[in-house]
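S.K.: fold the following and give me the result.
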Amino acid sequence: MTNGSSSPTCRLYARITAQIVAAIEAGAGEYRMPWHCSDPSVARPTNVASGKAYRGVNRLVLWIAAQSGCHPSGLWGTYRHWQALGAQVRKGERATTVVFWKEIGSARSQDDDQDENERGRRFLARGYSVFNRAQVDNYEAEAPAPLPEAERIGHADALYSNLGITTIDGGSEAYFLPSSDRIHMPSFEAFEDPAAYYSVLYHEATHATAAAHRVGRDRNCSRLLAGLLRVGANGMVDGGLAA
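M.R.: Numbering: from 1, shown residues only. The predicted model follows:
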């Protein structure tokens, strides 16, 4: 009798599970600016051949691989995909396994009264080895299109406008300048996606709450946060943690 745990599908699941556990144990890693990027966002891994985003567990697996490998790109493909585009996977690079499910037929139930949608369907899982753009040479991507203004989120803009914080658009950095009580942001079109833009914008808005005429966060608040989170030898925590 064959041990089910030694089947190819079980081994594939075990490998993916091990990657997820290792990433959790390793922690979140360093922050990467979500703008000035010519490739798809790491948060939305995309196949270089089809242009389609990976889904399901494959998305999680590729997030983990990009983080652990410090890959700034969200573009992935098999060896043959890259080769067809004139690129070459560098010698010694390690592939990441993704899994695709293919329906191979249906097992018709003997119960004629069973609803069509409830009848058994059979799928075959197959693993593929993919490489990130950062792992290949000689690939030239087209310049990315700017993020369209039409993708702005109206209610998010309205809420931010009501905060009354002076905001300067343009440039290559995002920060709150306390001395001028204003926020500086890269332009909307420079971001990878709307979620990235608004997450950075509202992060900087949280810094702005430190101003006395707003929330007026002070050193006492910082000490409280530090005590709760047990960070910092001097019992202090900066606005970055609050944000």
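
S.K.: excluding chain neighbours, what is closest to residue 146?
M.R.: residue 189 (3.6 Å; Cβ to Cβ, 6 or more residues apart in numbering). C-beta: built from backbone N, CA, C; applies to glycine.

S.K.: please apply the same query to residue 34.
M.R.: With sequence-adjacent residues excluded and distances taken as Cβ to Cβ, 6+ apart, residue 34 is closest to residue 196, at 3.5 Å.

S.K.: looking at the protein, which helix or strand is least sure?
M.R.: In the chain, no helix or strand scores lower on mean pLDDT, DSSP states H and E than helix 219-229, which sits at a mean of 51.

S.K.: stretch 91-101: which residues count as buried?
M.R.: Neighbour counts using 16 or more other Cβ atoms under 10 Å place 95, 96, 98, 99 of stretch 91-101 among the buried residues.

S.K.: among those residues, which one sits closest to residue 57?
M.R.: Nearest to residue 57 among these: residue 99, at 7.0 Å, using Cβ to Cβ.

S.K.: residue 24 versus residue 78, what's the distance?
M.R.: 27 Å (Cβ to Cβ, to the nearest Å).

S.K.: compare the two (neighbour count), which wins?
M.R.: Ranked by neighbour count (other Cβ atoms under 10 Å), residue 78 and residue 24 place residue 78 first, with 18 against 10.

S.K.: pLDDT score assigned to the more buried one?
M.R.: Listed pLDDT for residue 78 reads 97.

S.K.: tell me where the model's unsure across the chain.
M.R.: Along the chain, the parts satisfying pLDDT under 70 run over 1-6, 27-33, 36-40, 105-120, 143-144, 217-243.

S.K.: for it, what spans make up the helices?
M.R.: Ranges of helices in the chain, per DSSP state H, are 8-26, 56-68, 79-84, 154-163, 194-208, 219-229, 239-242.

S.K.: how about the buried residues of stretch 91-101 in CSV, adding distance to residue 10?
M.R.: Listed next are the buried residues of stretch 91-101 as CSV, based on distance: Cβ to Cβ, whole Å:
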residue, distance to residue 10
95, 20
96, 19
98, 17
99, 12
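
S.K.: list the contacts of the residue nearest the centre of the chain.
M.R.: The residue lying closest to the centre of the chain (Cα atoms, centre = their mean) is residue 43, at 1.9 Å. Applying Cβ atoms under 8 Å, 6 or more residues apart in numbering to residue 43 gives the contacts 63, 74, 192, 193, 195, 196.

S.K.: please repeat the previous calculation with a cut-off of 7 Å.
M.R.: Residues near residue 43 by Cβ atoms under 7 Å, 6 or more residues apart in numbering: residue 63.

S.K.: how close does it sit to residue 102?
M.R.: Residue 43 is 26 Å from residue 102, by Cβ to Cβ.

S.K.: where do the domain boundaries of the chain fall?
M.R.: 4-137, 149-242 (automatic domain parsing).

S.K.: identify the residue nearest residue 149 in space, chain neighbours excluded?
M.R.: residue 188 (6.7 Å).

S.K.: report whether the expected contact of that neighbour with residue 198 is present.
M.R.: No - using Cβ atoms under 7 Å, residue 188 is not in contact with residue 198; the gap is 9.5 Å.

S.K.: got the end-to-end distance for stretch 171-189?
M.R.: By Cα to Cα, to the nearest Å, the extent of stretch 171-189 from end to end equals 12 Å.

S.K.: and stretch 60-75, by the same measure?
M.R.: 14 Å.

S.K.: so what touches it?
M.R.: Contacts of stretch 60-75 with the rest of the structure, by Cβ under 7 Å, 6+ apart, involve 16, 19-20, 23, 26, 29, 32, 39-46, 48, 54, 76, 96, 98, 132-134.

S.K.: perfect, that will be all.
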